[in-house]
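In: Just to be clear, the model below is a prediction. Sequence and coordinates:
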Amino acid sequence: MASMLEFRTPGFNPYAVKYSPYYDSRIAVASAANYGIVGNGRLFCLGLGPQGVQIEKTFDTNDAQYDLAWSEINENQLLAACGDGSIKLYDVNVNDFPIMNFFEHKREAYSVAWSPVTKDTFASSSWDGTVKIWSPTRRESLRTLPVGNCTYSTSYCPSNPNIVSAVSTDSHLRIFDLRTPVTAQYHLTTKIPVHQPSLVATPPGISPPCLPAEILTHDWNKYRDTVIATGGVDKVIRTFDIRSPAAGPTSIMTGHDYAVRRLAWSPHAADILLSASYDMTVRLWTDGSTMEPNYGSMPVKPGLQLGIMNRHTEFVTGVDWCLFGVAGWVATVGWDERVLLWDANMMLQGKG
């Protein structure tokens, strides 16, 4: 792969990477010393220019950083989810200290996501078994959504600010609708067992579901706003249509050798997604939705691996797509203290 940029984070093992929603030349990386087991964290704000990748700003925290999200309302602000349970809001024009500190989670804050529609709230999830909804202008959370077990990932529906999703250790994908009455369900409207058998036969070559395993990551499709991809410890990527929660997966993608740590749907194509894994690879997939049907009327499509990037030498923990341009530029990070920027479309041309 000819065009690959690299940046190193000596002493810090990255956990997440995100492109700015405002600039194609700005990315951020959340990281932790000692693989996040003990020690502090560092948030890197990086600029891409003629000299390659340069540090614009760093922010250190007393505990590990597990995730980050750029603000959708201020181009210079971003959130870090920290091992002490806090979520910190930083401004690249303000030195050293967070401009806000949100501190309600009782365990590690593992995921954070900014609402892409109304842009006035963000969500966090924690090992304490909750998802919390916040306003960037209030120190107290707006709502707490109980999941009940370690919640690795939370996200907003890309078209509806009232719909929030979460995945967790109990192998379920949960959908909350904040417009519903609180009641005993606390806005929970859909609960999909990720490892349930499909109601229909799976395509040849696709093994049946295995025992329930932790779900570590999920992402909403940017073009089909009822479709969510999940990945986790059992190495399998599945997509679900939340309109049919009992139907089982709509597509299944297999190929990783270890747990799938992070997923990201392409902002440029409805059927393309990237996955990052503890097997040290990043893989490019089509979910099969745009391919000619090879299995008659079978609703469960076998996704197809389009390419593999194996330049990382440790667990790959983060992947994100650049929103801008026609090409498929992506950023990946791993525990090898490296940030790699490369063109995923090169994979499609067999040059990966």
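Out: Done, it's in.
In: burial measure for residue 182, as a count.
Out: Using other CB atoms under 10 Å, residue 182 is surrounded by 10 other residues. (C-beta placed from N, C-alpha, C; glycine too.)
In: where's it relative to residue 280, distance?
Out: Residue 182 sits 44 Å away from residue 280, taking CB to CB, to the nearest Å as the criterion.
In: Please apply the same query to residue 168.
Out: 25 Å.
In: In three-state terms, label the residue nearest to residue 131 when sequence neighbours are not counted for me.
Out: If the residues on either side of it in the chain are set aside, residue 131 comes closest to residue 145, at 4.2 Å by CB to CB, 6 or more residues apart in numbering. Following DSSP: H, G, I helix; E, B strand; the rest coil, the label given to residue 145 is strand.
In: list the contacts for residue 107?
Out: Contacts for residue 107 (CB atoms under 8 Å, 6 or more residues apart in numbering) come out as 85, 126, 127, 128, 150.
In: Let me know the pLDDT of the third one.
Out: The predicted structure scores residue 127 at 98 on the pLDDT scale.
In: surely it meets residue 110?
Out: Yes: Residue 127 lies in contact with residue 110 (CB atoms under 8 Å); the separation is 6.1 Å.
In: list residues touching both of the two?
Out: Contact criterion CB under 8 Å, 6+ apart; residues bridging residue 127 and residue 110 by contacting each: 150, 151.
In: Same drill for these two, tell me which one is more crowded.
Out: residue 110 (25 against 20).
In: Neighbours of the nearest residue to that one once chain neighbours are set aside, how many?
Out: Distances taken as CB to CB, 6+ apart place residue 66 nearest to residue 110, at 4.9 Å, with adjacent residues excluded. Per other CB under 10 Å, the neighbour tally for residue 66 reads 25.
In: For residue 66, what is the enclosing helix or strand?
Out: strand 65-70 (DSSP states H and E).
In: Please export the C-alpha coordinates of the helix or strand following that strand as PDB.
Out: As assigned by DSSP H and E, the chain's next helix or strand after strand 65-70 is strand 77-82. C-alpha atoms of strand 77-82 as PDB (Å, rounded to 0.1, in the frame of the first residue of the first chain):
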ATOM      1  CA  GLN A  77     -13.900  20.500  21.200                       C
ATOM      2  CA  LEU A  78     -13.900  16.800  21.900                       C
ATOM      3  CA  LEU A  79     -14.700  14.300  24.600                       C
ATOM      4  CA  ALA A  80     -12.600  11.600  26.200                       C
ATOM      5  CA  ALA A  81     -14.100   8.600  28.000                       C
ATOM      6  CA  CYS A  82     -11.900   7.700  31.000                       C
END
